[in-house]
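below are the sequence and a predicted model; questions follow.
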Amino acid sequence: MARKQLPPIVDDDGFPDDLHEALNDGKPKIISAFGRAGSGKSVAMRRLYQSWPGDKLCLDVNGNAEPGADAERIARADLSKRWPIKRDDATGQPRPRNLHYRADPGSATYVDDLDRAVGMALFPQDHPVLLWAGEVGELMPNAVAQPNMRRVLQQNRHHKITALFDGPRPVGVHPLVLAQSRFVFVYNVPNPSDRRRIADSIGYDPAAFDAVHNECQRLNGQELKRPDGSPHWYLLWHQLAHQLFIMAPLPVEPEQKTTAA
Ligand SMILES: Nc1ncnc2c1ncn2[C@@H]1O[C@H](COP(=O)(O)OP(=O)(O)OP(=O)(O)O)[C@@H](O)[C@H]1O
Ligand SMILES: [Mg+2]
């Protein structure tokens, strides 16, 4: 039976604290973001990524991810079948690592390389890792998820893997990305078939979803008229609450202001 459709809630309080809490509650989950170029996906995902204190892996296909000052660049030759745990020299305790892999889109093994990198985050199975794949479509050409990615989508909870996925268009990525997302950030999605895909996946009436999306874009239009406007309002879908929020632009850290990723 269809769930009751709750009216959207406008939240202009900045980044929702409960999102940080949800990210770090020890329960693996998928969070995704969609919207046209420059709408703010990377800003949001980067912020979540940087709030994660443990092991994490950033798959960066365009070189603009900026995963943080503590990130360690790894090359194709460093890709292994499991997470390369490092121990602190003084205490012998595992040391959290922020690994940054820049795949080469020109390489004949590009898609395979990306999937091998995903595999590193999957094993050992009881080892928590945060994976950020901006441009998630690159990891699933024609919506076909590669083997490790398929595991993430179908069994992330059995692998302690938390994933941040973003991309411009949901049509063209594997349907499980949306279906499994605990939170979905929706920026400006101008193509009706993309909005329809989101609405169908989250179980929201498509006409009602369009209306909420329009309202969000109206707020962005107002921002554009202001000299210091920030046209980065977005919708946030909270899967467990089955609730859509209209969210004010995130406050951007000063070092992110000039970045277009
Ligand atoms: N909430 C915000 N407030 C102010 N500026 C923002 C905000 N969100 C994003 N921006 C700015 O907009 C630009 C693009 O943002 P971002 O890189 O997150 O877009 P994107 O959706 O990831 O685009 P792409 O699809 O090209 O990767 C950046 O210069 C960023 O600083
Ligand atoms: Mg981006």
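Ah, there it is. Ligands and ions are numbered 1, 2, ... in the order given.

what comes up buried for the helix or strand harbouring D200?
Applying DSSP states H and E as the criterion places D200 in helix 192-202. Within helix 192-202, the residues that count as buried by 16 or more other C-beta atoms under 10 Å are 194-202. From N, CA and C alone the C-beta is placed, and that goes for glycine too.

which of the residues you listed sits closest to P251?
Using C-beta to C-beta, I198 comes nearest to P251 of those, at 25.3 Å.

show me what contacts the closest one?
Contact analysis of I198 by C-beta atoms under 8 Å, 6 or more residues apart in numbering lists 34, 170, 178, 184, 186, 189, 204, 209, 237.

what are the ranges of the helices in the stretch 101-250 of the chain?
110-122, 147-159, 175-179, 192-202, 206-225 (DSSP state H, counting those that start in this stretch).

tell me which residues of the shortest one come out buried.
By neighbour count, with 16+ other C-beta under 10 Å as the criterion, the buried positions of helix 175-179 are 176-178.

circling back: which one of the contacts of I198 has the most neighbours?
Highest neighbour count within the contacts of I198, by other C-beta atoms under 10 Å: F34, with 30 neighbours.

K41 versus that residue, what's the distance?
Separation of F34 from K41 (C-beta to C-beta, to the nearest Å) stands at 7 Å.

overlap of the contact sets of those two?
166-167, 185, 187.

now the buried residues of helix 192-202 in CSV, with distance to G221?
Shown next, in CSV, are the buried residues of helix 192-202 (distance: C-beta to C-beta, whole Å):
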residue, distance to G221
D194, 19
R195, 17
R196, 22
R197, 24
I198, 21
A199, 22
D200, 27
S201, 27
I202, 25
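
how about those residues in JSON lines, adding distance to ligand 1 and pLDDT?
Converted to JSON lines, the buried residues of helix 192-202 look like this (distance: C-beta to the nearest ligand atom, whole Å; pLDDT from 0 to 100):
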{"residue": "D194", "distance to ligand 1": "13", "pLDDT": "98"}
{"residue": "R195", "distance to ligand 1": "16", "pLDDT": "98"}
{"residue": "R196", "distance to ligand 1": "20", "pLDDT": "98"}
{"residue": "R197", "distance to ligand 1": "17", "pLDDT": "97"}
{"residue": "I198", "distance to ligand 1": "15", "pLDDT": "98"}
{"residue": "A199", "distance to ligand 1": "20", "pLDDT": "97"}
{"residue": "D200", "distance to ligand 1": "23", "pLDDT": "97"}
{"residue": "S201", "distance to ligand 1": "20", "pLDDT": "96"}
{"residue": "I202", "distance to ligand 1": "20", "pLDDT": "96"}
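
from those residues, which two are the most distant?
Among the buried residues of helix 192-202, D194 and I202 lie farthest apart (C-beta to C-beta), at 12.8 Å.

quick one on the thing from earlier: where among the helices of the stretch 101-250 of the chain is average confidence lowest?
Sorting these by mean pLDDT places helix 147-159 lowest, at a mean of 92.

other SSEs contacting it?
The contact analysis (3 or more C-beta pairs under 8 Å, 6 or more residues apart in numbering; DSSP states H and E) places helix 147-159 against strand 30-34, helix 110-122, strand 161-167, helix 175-179.

may I see the buried residues of that helix?
148-153, 156, 159.

ok, those residues vs L19, which is closest?
Nearest to L19 among the buried residues of helix 147-159: N156, at 17.6 Å, using C-beta to C-beta.
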